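Undergrad: predicted structure and sequence below. I'll ask about it afterward.
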Amino acid sequence: MKKSLFLFLMLMTSLLSFAQNVEEDEKEKGFKRDQLFIGSGVNLGFFNGFILGLNPEIGYSLNRFIDVGIGTNVNLITQNDPNSPTTYRQWTFGGGPFVRVWPVNMLFIGGQFEYNSIAYSVKSGGDIVFKENRNAPSILVGAGYGNRTIGGNQFYTSIMVDVLRNPNSPYIDSYRRLQPVFRTTFLFYFKPKRER
């Protein structure tokens, strides 16, 4: 009986303290400069070629759980044909909105829509045998692990895949296989004027 009463009191105390935090969050409405962040990520992928890129982004932490913003990308992607001396290469430039949801501390799920412009070429035996410019939408979804301190800084590593699977996507290889995209990102929050 004493154990049950003790557990009940602990549960009620926890709920009351959580309710106070929610009330404090609700009192402070409007734009808060210290919830605005900027930074960049590194995009890496390895297979029978590689992906290397930068992913600058600017965003806003809506609350303790959700970040939204605009992400951009610049990527170099190469793929070697295992059956010939052919190399496929593409430069990708793109961007679009993103959302990350942090359901628990240090873990998140996220999604990003991108519209990419792609300069594609095929090189065989040292000569460029084909060149083309393409466009492709992508929807990247995935999960990650990181450290997020609103008003301070943010660091995360994620793995995402393009679920749209457009044949021209920079995240699909020439055999139309889905390629995982790994990103490591460093973000910094803007400080309010009084804290500078």
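TA: The structure has been received and is ready for your questions.
Undergrad: which parts of the protein are strands?
TA: In the chain, the strands defined using DSSP state E lie at 36-47, 49-61, 66-80, 86-104, 107-124, 127-148, 153-162, 181-189.
Undergrad: right, and these - which one's nearest K29?
TA: Across the strands of the chain, K29 has its closest neighbour in strand 49-61 (14.0 Å, Cβ to Cβ). (C-beta placed from N, C-alpha, C; glycine too.)
Undergrad: output the contacting helices and strands for that closest one.
TA: strand 36-47, strand 66-80, strand 86-104, strand 181-189 (3 or more Cβ pairs under 8 Å, 6 or more residues apart in numbering; DSSP states H and E).
Undergrad: want to throw these into JSON lines with mean neighbour count and mean pLDDT?
TA: Output for those, formatted as JSON lines (neighbours: other Cβ atoms under 10 Å; pLDDT from 0 to 100):
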{"stretch": "strand 36-47", "mean neighbour count": "17", "mean pLDDT": "87"}
{"stretch": "strand 66-80", "mean neighbour count": "18", "mean pLDDT": "93"}
{"stretch": "strand 86-104", "mean neighbour count": "17", "mean pLDDT": "95"}
{"stretch": "strand 181-189", "mean neighbour count": "19", "mean pLDDT": "92"}
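Undergrad: just to revisit the earlier point, so which of the strands of the chain is nearest N168?
TA: strand 127-148 (3.7 Å).
Undergrad: buried ones in that closest one?
TA: By 16 or more other Cβ atoms under 10 Å, the buried positions in strand 127-148 come out as 134, 136, 138-140, 142, 144, 146, 148.
Undergrad: now that strand, how far from the centre of its chain.
TA: Strand 127-148 sits 12 Å away from the centroid of its parent chain (Cα atoms, centre = their mean, to the nearest Å).
Undergrad: tell me the strands beside it, with direction?
TA: In the sheet, strand 127-148 lines up against strand 107-124 (antiparallel), strand 153-162 (antiparallel) (DSSP bridges).
Undergrad: residues in contact with S158?
TA: By Cβ atoms under 8 Å, 6 or more residues apart in numbering, S158 lies in contact with 108, 110, 142-146, 182-183, 185.
Undergrad: so what's Y189 closest to, chain neighbours aside?
TA: F37 (4.7 Å; Cβ to Cβ, 6 or more residues apart in numbering).
Undergrad: and the one you found, what does it touch?
TA: By Cβ under 8 Å, 6+ apart, F37 lies in contact with 58-61, 67, 69, 154, 187-190.
Undergrad: which residues are in contact with stretch 95-115?
TA: 57, 59, 64-73, 94, 135-148, 156, 158, 160.
Undergrad: still on that earlier bit, any chance of the helices and strands packed on strand 49-61 in JSON lines, plus distance to N116?
TA: Formatted as JSON lines, the helices and strands packed on strand 49-61 follow (distance: least, Cβ to Cβ, whole Å):
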{"stretch": "strand 36-47", "distance to N116": "12"}
{"stretch": "strand 66-80", "distance to N116": "7"}
{"stretch": "strand 86-104", "distance to N116": "3"}
{"stretch": "strand 181-189", "distance to N116": "12"}
